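# Turn this into a structure:
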Amino acid sequence: MTIATRRIKSSFTAGELAPELYGRADLRAFENGARRLRNVVIQPTGGVARRPGLVHVATLPGEARLVPFEFNTEQTYLLVLTQGRLQVFLGDAEVASLPAPWSTAMLPQLAFTQSADTLLLFHPEMPPQRLTRSSHIAWSITPFAFGREVFHNFTRDVTMAASATTGTVALVSSAPVFGVGHISRRFRLKGQRVVIASVEGPQNATAVVEDPLEDTLPTEDWQEAAFSPVRGWPVCACFHQNRLVLGGSRDAPNRLWLSRTGDLGDFDAGTGLDDEAIDFALVSDQVNAIRAVFSGRHLQVFTSGAEWMVTGDPLTPSSIQLNRQTRIGTAVDRQVPPVDVDGATLFVARSGRGVHEFAYTDVADAYQANDLALVARHLVRDPVSMAYDQTARLLHVVMADGSIATLTLYRAEQVIAWTRLETEGAFRAVAETEGRVFALVERFGSFRLERFDTTMGLDAALAGSSFASQDRWTGLGHLEMREVGVLADGAPRAAERVQDGAITLDPPAATVQAGLPFRHVIEPLPPALGNATAAAAAPLRLVSATFRVLATPALEVDLGRGVQPVPFRRLDTALLDAPPAPFTGDIALRALGWRRDAMAPLWRIEGATPLPLTLLSVTTDMRISN
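Numbering: from 1, shown residues only. Below is the predicted model:
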């Protein structure tokens, strides 16, 4: 006896599911999930589309960090930080290059924040740097100037005494305090400032008095500059309520400093007036190093072990309140800045296996941190970079293994769908500027800057056109001696090898795209796992499958006999050698044979043809033998 059944899969809004969930047919995600989604993205409306290709922008001198710089909506730049250098790109063109004080080893821990035409960069081993734009081609990097610096006592039960109250004095401490890095740095004794002129030993230094000292008696009421080569520099920063917020340093990892209102360089707490600077530590049952600060509905603080909310409207020394919200923790091996998505803050978990949504709930009057990668844990492994494309509603998360886990997030329609993007080589970083997503890609032993482009169907690709057809196309030196895919006059061609930076086409063409091909895969969950009426051991036969596609020129499907191209063009169509026309509608395919493997998918879409593909739904007719 056989049972006929029809199933309609009209949405992929749950994305690719982890293998650990293959036994959970009771989950709602099974109805809208998939087994494999490679080099495709989920649309907010539920369909699945082949991902955009990558345009080659530049070859870089080495490892890099990508930082967006948005002066306004019409002027957006991409900053590329490499060993001792900063490159500025406007569109796909480099418009400026200047020396910089960071090294390759410092790049993963660099943090940044922007205000108008100024970008501040931070690293615990580097004085904060100020990047300023004067015009498209005029940029400068200078150390950030603290107008009134902040002081802190890093030691306990240590006294310090001066030999005199004015002039040049000798400082003596009861325990080792001084280091060579203290030279030219300020100390404060009972609130009075001195500048270290020389260091004779760990307990002895010579200083110049700036403010006359009260006396020469030993005192525990002394502080040193909070930021120095000896104590380290701020780890991260943001702007909040017209204050510059500094989070953590090497020797004070759990401390926050807020500048004076309207004066971003003044960190002197003064007498505690409402507009003066604020300085405090996160006090909890353990010392959690601050990894990021974010200006949202409230000032949000992300540490190695918990997430905090800082409240006060406005923030003043007397109104400020600090409350721990969740205990997830943020990655510590590198800076992966949180991103805002529809009012929620997305951050990478310290475990490296989760991307959490830090969102405020009015009912609970608190923040919650839901794990967005709960059902796709296999795709999220050690994130190293993250960027959100608001136009396409796609969050791109680069993993240490060189892949990208891409999340389509649209909470209003309950869309939380992950896919995996791969390329020949490895993705190393991403950044987004006004809907343009750039990627740092390591290929063939070098680092390249590339950009996702919906008009491209190949990676590391370049496009060209001419008034008349030509057979030789140059400019491909970055792919020298590589086999490249070719799209000529809109039609796929056989692969060509790049020689002397060029390819030769036969016949010639007027428009050409050339680059590295990539394969897309769409594979559903096995029917025996998602359908309670199908017994795991019962023979099953796929009778037919109907694919509804949108503006799709090429489709390759495997119904159990290998991947086969689907013929869209009719034999009576004129110009059979013309580019394939996009097809919108239903494609019904017949299938043969019974199968007993409950884990095998009924169908699979797979191919590397560099043409668009959008799958809207799949209807399958099956017979199950009892």
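# What distance do you get for Ala331 to Ala400?
Counting by C-beta to C-beta, to the nearest Å, the gap from Ala331 to Ala400 is 11 Å. For every residue, glycine as well, the C-beta is placed using N, CA and C.
# Neighbour count for those two, which is higher?
Ala331 (20 against 15; other C-beta atoms under 10 Å).
# show me what contacts the more buried one?
With C-beta atoms under 8 Å, 6 or more residues apart in numbering as the criterion, the residues that contact Ala331 are Arg291, Val348, Ala349, Arg350, Gly352, Pro383.
# repeat that for 7 Å
Taking C-beta atoms under 7 Å, 6 or more residues apart in numbering as the contact definition, Ala331 lies against Val348, Arg350, Gly352.
# who wins for neighbours among the residues you listed?
Within the contacts of Ala331, most neighbours by other C-beta under 10 Å means Val348, with 29 neighbours.
# Which residue is the nearest non-sequential neighbour of Ser11?
When the adjacent residues along the chain are set aside, Ser11 lies closest to Gly46, with 3.7 Å between them (C-beta to C-beta, 6 or more residues apart in numbering).
# Let me know the secondary structure of that neighbour.
Here Gly46 takes the coil state, with states given by DSSP: H, G, I helix; E, B strand; the rest coil.
# So what does it look like in phi/psi?
Phi and psi for Gly46, reported as degrees, to the nearest 10, are phi 110, psi -20.
# ok, now how distant is Phe71 from Val543?
59 Å.
# Check Val48 too.
Counting by C-beta to C-beta - Val48 and Val543 are separated by 23 Å.
# From the neighbour counts alone, determine which of those two ranks first.
Legend: neighbour count by other C-beta under 10 Å for Val48 and Val543, higher for Val48 (24 against 14).
# bridging residues for that one?
Beta-bridge partners for Val48, by DSSP bridges, are Ile42, Leu615.
# wait, isn't it in contact with Asn39?
No. Taking C-beta atoms under 7 Å as the definition, Val48 is not a contact partner of Asn39, at 10.7 Å.
# nearest spatial neighbour of Gly515, skipping sequence neighbours?
Of all residues apart from its sequence neighbours, Ala461 sits closest to Gly515 (C-beta to C-beta, 6+ apart), at 2.7 Å.
# burial of the one you found, as a residue count?
26.
# i'd like the first residue to be 22 from this point on
Sure, I'll start numbering at 22, so the last one becomes Ala482.
# Let me know the helix or strand that it is in.
Using DSSP states H and E, the secondary-structure element containing Ala482 is strand 480-494.
# Please determine how far Phe260 is located from Gly67.
Using C-beta to C-beta, we find Phe260 at a distance of 38 Å from Gly67.
# quick one, which of these two is more surrounded?
With neighbours defined as other C-beta under 10 Å, Phe260 and Gly67 compare such that Gly67 has more, 20 against 17.
# Provide a list of residues in contact with the more buried one.
Ser31, Ser32, Phe33, Thr34.
# my guess is Asp287 meets Ala298, correct?
Yes. Contact criterion C-beta under 7 Å: Asp287 and Ala298 qualify, at 6.1 Å.
# intersection of neighbour lists for the two?
Contact with both Asp287 and Ala298 is made by residues Ser280, Arg281, according to C-beta under 7 Å, 6+ apart.
# the strands in the stretch 122-271 of the chain, which residues?
Counting by DSSP state E, counting those that start in this stretch, the stretch 122-271 of the chain forms strands over residues 132-136, 139-144, 147-154, 160-164, 172-173, 181-183, 189-194, 207-210, 213-222, 225-230, 243-246, 255-261, 264-270, given from the N-terminal end onward.
# looking at these, which is buried most?
Stretch with highest mean neighbour count among the strands of the stretch 122-271 of the chain: strand 264-270 (a mean of 26; mean count of other C-beta atoms under 10 Å).
# ok, then the element right after that one?
Tracing the chain C-terminally past strand 264-270 and defining elements by DSSP H and E, one meets strand 276-279 next.
# Quick one: mean pLDDT for that following strand?
The average of the pLDDT scores along strand 276-279 is 93.
# That strand pairs with which strands, and in what direction?
For strand 276-279, sheet partners with direction are given as strand 264-270 (antiparallel), strand 299-302 (antiparallel), following DSSP bridges.
# residues in contact with the first one?
What that stands for is strand 264-270. Under the contact criterion C-beta under 7 Å, 6+ apart, strand 264-270 has outside partners 145, 247-248, 252-259, 275-280, 282, 285, 310-311, 313-314, 320, 322, 336.
# if you set the cut-off to 8 Å instead, what comes out?
Outside strand 264-270, the residues touching it (C-beta under 8 Å, 6+ apart) are 141, 143, 145, 247-248, 252-260, 275-282, 285-286, 288, 299, 310-314, 316, 320, 322, 336.
# For PyMOL, write a command that selects the buried ones of the residues you listed.
Here is the PyMOL command that selects the buried residues among the contacts of strand 264-270 (16 or more other C-beta atoms under 10 Å):
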select buried, resi 141+143+145+247+248+252+253+254+255+256+257+258+259+260+275+276+277+278+279+280+281+282+285+288+299+310+311+312+313+314+316+320+322+336
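# The residue positioned nearest the centre of the chain is in what secondary structure piece?
Nearest to the centroid of the C-alpha atoms of the chain, with distances taken as C-alpha atoms, centre = their mean, sits Met407, at 0.8 Å. Met407 belongs to strand 404-410 when elements are defined using DSSP H and E.
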